[in-house]
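Colleague: Let's see this in three dimensions:
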Amino acid sequence: MTRQDGRAFDELRPIKMTTDFVKFAEGSCLIQCGDTMVLCCASVEDRVPPHVPEGTGWVTAEYSMLPRANRERSRRDVSKLKLSPRSAEIQRLVGRSLRAAVDMTKLGEHTITIDCDVLQGDGGTRTASVTGGFVALALACRKLLAEGKIAADPIQHYITGVSAGIVEDTALLDLQYSEDSRAQVDLNCVMNELGEIVELQGTGEGRSFTLAEQQELVRLCAKGNRELLDLQRSILKR
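Modeller: Numbers count the residues shown, from 1 in each chain. Sure, this is the predicted structure:
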C-alpha cells in the first residue's frame, strides 16, 4: 500500500526534540513526531512516596491531552480528580517505562515526575511521551548531579518507544492517525539501548494476528527505536 505521507513502510515520521523548552522544570523536552507534539517536563521533589524503601528514589509520570489536541475538543482529563481511563493507562505505561531507565539507589530520596502533555495528537502520543520523557528525565538527573544532590548519574539505560501496526494487511512503522484509526492491528513497543523490550502492547483492533506478524511488527519497532536512540544520544551527547 502507498502511505498518505509517502513514507516507506519502515520509515519514521520526521522527529524533532527541543530541550529546555520551558524555563522552570528541572528537565524539559518538546518532542514532535510528524504532527504529534508532546511537551515532557521533569520535576524533582526531595521526598519519596511511603512505599519506596529508605535511601532510594522514585520516578513516575502523568499524561494528559489538551482539549484541542485532537480534531474535536475533548473534555479536560481531570474531572473531580479522576483521570480518564485512557490517560490513566497511558501514564502507567510511561511511568513503568521510565523507571526502567533509572538506578533508584543512585537517585537517592528524590522523586522525579514526568508530566507529558499532548499539545497535538496525530497518533503515537504514548510512545512519543516515553521517548521525550526520557530526555527530560536524563536532563533532570544531570541537573541533580551538577548541583551535588546526588553522587552519581542514576541513568542506567536509554529508553525509547515507537508504534507499528497492520493496515490493509501491511505492516507499517510509526502510524499516524489516518493509519492508526483504521489499523487492523496496533502494537506499541518500548526498548532500551540494548534492544531489550521494556514494554510490549499488541492489540487486534480489526482482526487477530499471528505470532509471525507480531514478530514482524517488533522488528519494525526495533528499527525505529534504534533511530530514536541515535537521536537521543546526539541531543544528550552521552
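Colleague: Flag the shaky bits of this protein, pLDDT-wise.
Modeller: In the predicted model of the chain, residues 77-82, 238 satisfy pLDDT under 70.
Colleague: for it, which helix is longest?
Modeller: helix 211-236 (DSSP state H).
Colleague: So for that one, what gets flagged as buried?
Modeller: By neighbour count, with 16 or more other Cβ atoms under 10 Å as the criterion, the buried positions of helix 211-236 are 213-214, 216-218, 220-225, 227-229, 231-232, 236. Glycine gets a C-beta too; all of them are placed from N, C-alpha and C.
Colleague: now what about the host helix or strand of residue 92, what contacts it?
Modeller: Residue 92 is located in helix 85-99, with elements delineated by DSSP states H and E. With contacts defined as Cβ atoms under 8 Å, 6 or more residues apart in numbering, helix 85-99 is touched by 58-65, 77, 83, 114, 116, 125-126, 129-130, 133-134, 137, 159, 161, 188, 190, 198-199, 201.
Colleague: 7 Å instead?
Modeller: The list of residues contacting helix 85-99 from outside it, by Cβ atoms under 7 Å, 6 or more residues apart in numbering, reads 59-64, 77, 114, 116, 126, 129-130, 133-134, 137, 159, 161, 190, 198-199.
Colleague: Name the residues that touch whatever helix or strand comes next after that helix?
Modeller: Taking DSSP H and E as the definition, the helix or strand that follows helix 85-99 towards the C-terminus is helix 104-107. Helix 104-107 has contacts (Cβ under 7 Å, 6+ apart) with 55-58, 150, 152, 154.
Colleague: which of the residues in helix 104-107 are buried?
Modeller: Buried positions in helix 104-107, judged by neighbour count with 16+ other Cβ under 10 Å: 104, 106-107.
Colleague: Run through the strands of this protein in chain order.
Modeller: For the chain, the strands defined by DSSP state E occupy 15-19, 27-33, 36-45, 58-65, 111-120, 159-167, 170-173, 185-192, 197-204.
Colleague: And residue 10, its phi and psi?
Modeller: Recorded main-chain torsions at residue 10 are phi -110, psi 30, according to degrees, to the nearest 10.
Colleague: what's the burial count for the residue nearest to residue 179 when sequence neighbours are not counted?
Modeller: Distances taken as Cβ to Cβ, 6 or more residues apart in numbering place residue 167 nearest to residue 179, at 5.0 Å, with adjacent residues excluded. Other residues within reach of residue 167 by the criterion other Cβ atoms under 10 Å amount to 21.
Colleague: Same question for residue 121.
Modeller: 20.
Colleague: Next, the contact list for it, please.
Modeller: Listed by Cβ under 7 Å, 6+ apart, the contact set of residue 121 reads 36, 65, 69-70.
Colleague: In terms of distance to residue 174, which of the residues you listed ranks first?
Modeller: For residue 174, the closest of the contacts of residue 121 turns out to be residue 36, at 9.8 Å, with distances computed as Cβ to Cβ.
Colleague: Report the separation between that closest one and residue 122.
Modeller: Distance from residue 36 to residue 122, counting by Cβ to Cβ, to the nearest Å: 5 Å.
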